[in-house]
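K.L.:
Quick one, fold the following:
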Amino acid sequence: MTDYTVELRSAQLAARSAGELLRKRFHEPRVVDEHLAHDIKLRLDKECQQLIGDILLQRHPSYAVLGEEGGHGGECEWIVDPLDGTVNYYYGIPLFCVSIALRVHGVMQLGCVYAPMTDELYCAVRGGIALLNGQKIHVSNREQMNQAIVFIGHGTHDGSGELGIRRFAHVSAQVCKVRILGTAALSLCYVAAGKLDAYVEQSIHLWDFAAAQVILEAAGGTLEFSAHKNNPLSGSVTAWNGKLPLHEALTLPPTITQP
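P.N.:
Predicted structure coming up:
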């Protein structure tokens with residue numbers, strides 16, 4: 001097995017550096033580059049990606065960088081989300097993170113997720129153990145849905161709204177609590193650490209979950225990704241502690257046709 005210790009240290013340095021910038025600028029006025037129907041693009045997103053890219057490419061010049069703010073892939077590529085939870089950040093909600101993964105010949109080899117407001121650094125190398133600030137983490141042991149805390153996305157602009165709302169209502173009636181945090185990578189790391197038990201989202205991009213997937217699987221969890229037909233970089237994700245009967249819980253009853 002290849003040792004990715006050097007690459008992991010680079011990812012940690014880049015994530016912490018971008019996180020420091022985000023934390024420093026958190027209470028300053030935000031510059032919006034683009035307002036979308038259900039999203040916001042901040043100037044700071046691009047600044048953080050530039051900072052991350054500069055650090056990673058200086059230390060690993062032969063690697064490529066692929067991220068939410070652009071870039072090109074390659075045989076060895078960093079997959080970067082410089083600010084996962086942009087809307088939270090814009091509204092002053094301190095739930096956001098920096099996400100960095102390394103994919104080599106199509107396989108995710110390491111993941112690093114840093115939440116700057118709580119100074120939580122999640123990381124793992126494929127086949128290794130998952131760590132939070134240097135301490136081993138593991139998914140929860142909960143097996144019953146009525147004891148679980150889950151993330152259930154219900155869709156907004158992706159065409160899954162009506163179905164998503166039905167699924168949200170169906171699952172929320174079976175579990176202890178439902179939480180929507182506004183940051184995919186951090187939510188998945190919470191599953192890895194046993195804070196949440198499952199994460200379900202109909203439409204998500206690769207850079208949103210790539211790093212967290214490595215961490216979750218190293219922590220004993222399971223993540224299933226189904227790519228959209230026309231875009232292999234986006235699709236649906238179902239992730240959980242591997243113990244809950246999640247697929248059964250997600251199965252919707254047949255709709256009732258009104259007479």
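K.L.:
Okay, now the unreliable bits of the stretch 151-259 of the chain?
P.N.:
Within the stretch 151-259 of the chain, the ranges that satisfy pLDDT under 70 run 154-161, 255-259.
K.L.:
cutoff 80 now
P.N.:
Judged by pLDDT under 80, the stretch 151-259 of the chain has its weakly predicted residues at 154-164, 254-259.
K.L.:
Just give me the neighbour total for the nearest residue to residue 243 once chain neighbours are set aside.
P.N.:
In space, residue 243 comes closest to residue 143 once its chain neighbours are excluded; the distance is 4.7 Å by C-beta to C-beta, 6 or more residues apart in numbering. No exception for glycine: its C-beta is placed from N, CA and C like everyone else's. Residue neighbour count, defined by other C-beta atoms under 10 Å, stands at 13 for residue 143.
K.L.:
Just want the most central residue of this structure.
P.N.:
Computing the C-alpha centroid of the chain and ranking residues by C-alpha atoms, centre = their mean puts residue 185 first, at 1.9 Å.
K.L.:
Phi, psi for the residue nearest to residue 243 please.
P.N.:
Taking degrees, to the nearest 10, you get phi -120, psi -10 for the backbone angles of residue 143.
K.L.:
Pull out the buried positions in the longest helix along the chain.
P.N.:
For the chain, the helix reaching the highest residue count under DSSP state H is reported as helix 5-24. Residues of helix 5-24 classed as buried by neighbour count (16 or more other C-beta atoms under 10 Å): 7-8, 10-19, 21-22.
K.L.:
can you check stretch 171-185 too?
P.N.:
Buried-residue list, stretch 171-185, by 16+ other C-beta under 10 Å: 171, 174-175, 178, 181-185.
K.L.:
still on that earlier bit, for the residue nearest to the centre of the chain, what are its contacts?
P.N.:
With contacts defined as C-beta atoms under 8 Å, 6 or more residues apart in numbering, the neighbours of residue 185 are 81, 84, 97, 99, 113, 208-209, 211-212.
K.L.:
Nearest spatial neighbour of it, chain-adjacent residues omitted?
P.N.:
Nearest non-adjacent residue to residue 185 (C-beta to C-beta, 6+ apart): residue 99, at 4.1 Å.
K.L.:
My guess is the one you found contacts residue 113. True?
P.N.:
Yes: counting by C-beta atoms under 8 Å, a contact exists between residue 99 and residue 113, whose distance comes to 5.1 Å.
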